[in-house]
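S.K.: what's the 3D shape of this:
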Amino acid sequence: MGIECLVLGAGQEVGKSCVVVSINGKRIMFDCGMHMGYDDHRRFPDFSLISKDGHFDNALDCVIITHFHLDHVGALPYFTQVCGYNGPVYMTYPTKALAPLMLEDYRKVMVDRRGEEEQFTAHHISQCMKKVIPVNLKQTVEVDKDLQIRAYYAGHVLGAAMFYAKVGETAIVYTGDYNMTPDRHLGAAQIDRLPLDLLISESTYATTVRDSRYAREREFLKAVHKCVADGGKVLIPTFALGRAQELCILLDDYWERMNLKVPIYFSAGLTIQANLYYEMLISWTSQKVKETHATRNAFHFKNVHNFDRSLINAPGPCVLFATPGMINGGFSLEVFKQWAPCEKNLVTLPGYCVAGTIGHRLMSGKPTKIDVDKDTQIDVRCQIHQLSFSPHTDSKGIMDLVKFLSPKHMILVHGEKPKMVSLKEKIQSELGIPCYVPANCDTVCVPSTPFVKAHASDAFIRSCSSPNFRFSKSSEDNLSLVSASRKAAAQLQVCDERVTEGILIMEKNMKAEIVHQDELLDVLGETKHEVSFAYCCPAYANDSKESGNRNLILAHDAAGLSEQCGWIQLLFRELLNCFSGRNIQNQGEHLYVESFHVSVCSNKSCPYRTIEGPQSKSPAVYFCCTWSAPDEKLAREIISCMKNFKFSADLQKHC
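M.R.: Coordinates of the predicted model:
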């Protein structure tokens, strides 16, 4: 079986994250986001590709939301309350707490202020959240008897999680958005080393390697300080949860150290409410924030105040955090219209902006004019400063995660196509992992490792646990300086390799079973038939043979070993010389040359014994050679070697 991934959003683009993964008959939707750059049918994923008849409860086993950003959760109320999905929805506790705030804030901006057609209501949001099942980090959740899921800390924003899903022995990880380095208020992503068939990762910064956090902070503070020192106003468009808190901690600390009196403002509403949740969910923050929380709450900002709309055109410098972060509507757009025409003012963009937003146009090159709509044009004379405080990991972080997890396959989503293709090639060339970059509405199929749960017979288990002695292969090259008894002991050292052979039996409508090879015929109801070959080979004495053979036999006598061991050891040495590339095993009174078994024959009536032609002397010894599954060429070579092998006359007399 394989894994099938249908990409409904974030395919070769940033926004509208939604990936439907089928694993061994189970179907999971990861994220259900909206695209912030569109206001037409492209805003939401095309849910009809999941189920043509609209019966989504039958088409999906569950929905998993990684975090509360709208490009990951923005379409969820529409999918559950308008499209009618009633199955389980999983997310972390902080995501469940914060997602309704983000959704309602978006709904108010789009409908109440901009007059757009309502996609979902406040009631839809509340009813949607009732279907959510919250999970803790590293909590294994049994969606059903076959499907398990588990959440891991992702950094990025409060409550963000990577999700592990396993069906049978097939496992995947979907990262959502994550950050591999800690910042001031959140820790770095953490995940176990898991055996994975597939990793689906975001790739927002697929080709970017960021400077150190401290270098970026210094540059940001320098730009802000210079602007306010010159009497200008600083607009920081940011999402209410995440970068707003990160940069407020940074600025609040800097204002304290520099004793600055210039006001810092939050746009009233969502951001103030969000800070309360950060205080309640302190266990999800960075180690430093947790350690100092008892003496100093990092989210109690001494120099940050609520902002009133009447202050937009008030004289004097100030710093203002306003949502949304991409200036695609809301209060940040309202302020930008007022402040952009003044050269003293500064707009600093700390995060990623998707194509189609005003933030993206500002980051792509400073325009002199921006058309908001057919009736509104903005003169842009202010300073534009772009510096990545994005909570997404960079290219190095993605590569570090892929190296750590070493999945069999990889899919990249949530990125820009040219950069994704570059990262794909790097992953494939440096790590050797097949990687894919599907577009929206594409389906990618990757193979999964097949596993079969099988019952093991008692005989097979006993065979696995029983000793399996093997005599070590030895020669005398390194033993010339030791005594004869020590030589013999060294030559007879044994090893125990617990190795056995089993046979997997899979019968229709029955559980798979592994049996010992000796049980197979009984299981099949068959009789054993075996073809074997045998030859009893003589070895003769030769007066000219070196005296080393005699010394070897004397050494065996001294060690208390049998006469047969001495003969076998001599033959072993001869065969090592003749067949250096073969697997020859000396087991004391027996030799194995691959499938051949050789032993000293003491049976004078051996039926396999033959005398080929007249001999002047009687043979010194006979060797019985038996084998099955014959290799004709090897058989001829071994028997020829044994026939030509001669012992010394002194050795024959001694024996």
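
S.K.: can you give me the helices in the stretch 251-400 of the chain?
M.R.: For the stretch 251-400 of the chain, the helices defined by DSSP state H, counting those that start in this stretch cover 270-280, 287-292, 330-339, 358-363, 395-405.

S.K.: who wins for proximity to Leu575 among those helices?
M.R.: Among the helices of the stretch 251-400 of the chain, helix 395-405 comes nearest to Leu575, with 48.1 Å by C-beta to C-beta. Every residue, glycine included, has its C-beta placed from N, CA and C.

S.K.: Residues touching the closest one, excluding its own?
M.R.: The contact list for helix 395-405, computed with C-beta atoms under 8 Å, 6 or more residues apart in numbering, reads 173, 175, 178-181, 189, 191, 193-194, 196, 199, 201, 203, 205-209, 393, 410, 423, 426-427, 430-431, 433.

S.K.: before we move on, back to that, kindly reformat the helices of the stretch 251-400 of the chain as CSV containing mean neighbour count and distance to Gly232.
M.R.: Output for these, formatted as CSV (neighbours: other C-beta atoms under 10 Å; distance: least, C-beta to C-beta, whole Å):
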stretch, mean neighbour count, distance to Gly232
helix 270-280, 18, 22
helix 287-292, 13, 31
helix 330-339, 21, 9
helix 358-363, 21, 17
helix 395-405, 18, 34
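
S.K.: Quick one: these as CSV, columns for mean pLDDT and distance to Thr95 too.
M.R.: Converted to CSV, these look like this (pLDDT from 0 to 100; distance: least, C-beta to C-beta, whole Å):
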stretch, mean pLDDT, distance to Thr95
helix 270-280, 72, 11
helix 287-292, 84, 19
helix 330-339, 89, 22
helix 358-363, 87, 24
helix 395-405, 97, 21
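
S.K.: Out of those, which is closest to Gln119?
M.R.: Comparing the helices of the stretch 251-400 of the chain by C-beta to C-beta, helix 330-339 comes nearest, at 16.5 Å.

S.K.: and the closest one, how far out from the chain's middle?
M.R.: Centroid displacement of helix 330-339 relative to its chain, using C-alpha atoms, centre = their mean, to the nearest Å, is 43 Å.

S.K.: Packing partners of it?
M.R.: Contacts defined by 3 or more C-beta pairs under 8 Å, 6 or more residues apart in numbering; DSSP states H and E place helix 330-339 against strand 233-237, strand 318-322, strand 376-379.

S.K.: Give me the neighbour count for the nearest residue to Asp31 once chain neighbours are set aside.
M.R.: Closest residue to Asp31 apart from its sequence neighbours, by C-beta to C-beta, 6 or more residues apart in numbering: Ser17 at 4.1 Å. Ser17: 33 surrounding residues under other C-beta atoms under 10 Å.

S.K.: Is Ser17 in contact with Gly415, as I believe?
M.R.: No: counting by C-beta atoms under 8 Å, Ser17 does not reach Gly415; the two are 11.1 Å apart.

S.K.: strands paired with whichever strand or helix holds Val598, and their directions?
M.R.: Using DSSP states H and E, Val598 sits within strand 596-600. Sheet pairing here is set by DSSP bridges, and for strand 596-600 it gives strand 590-593 (antiparallel), strand 621-628 (antiparallel).

S.K.: how close does the most centrally placed residue in the chain get to Gly415?
M.R.: By C-alpha atoms, centre = their mean, the chain has its centre lying nearest to Leu405, at 3.3 Å. Distance, Leu405 to Gly415, by C-beta to C-beta, to the nearest Å: 18 Å.

S.K.: What score does Phe533 have for pLDDT?
M.R.: Looking at Phe533, its pLDDT stands at 84.

S.K.: Alright, I will stop here.
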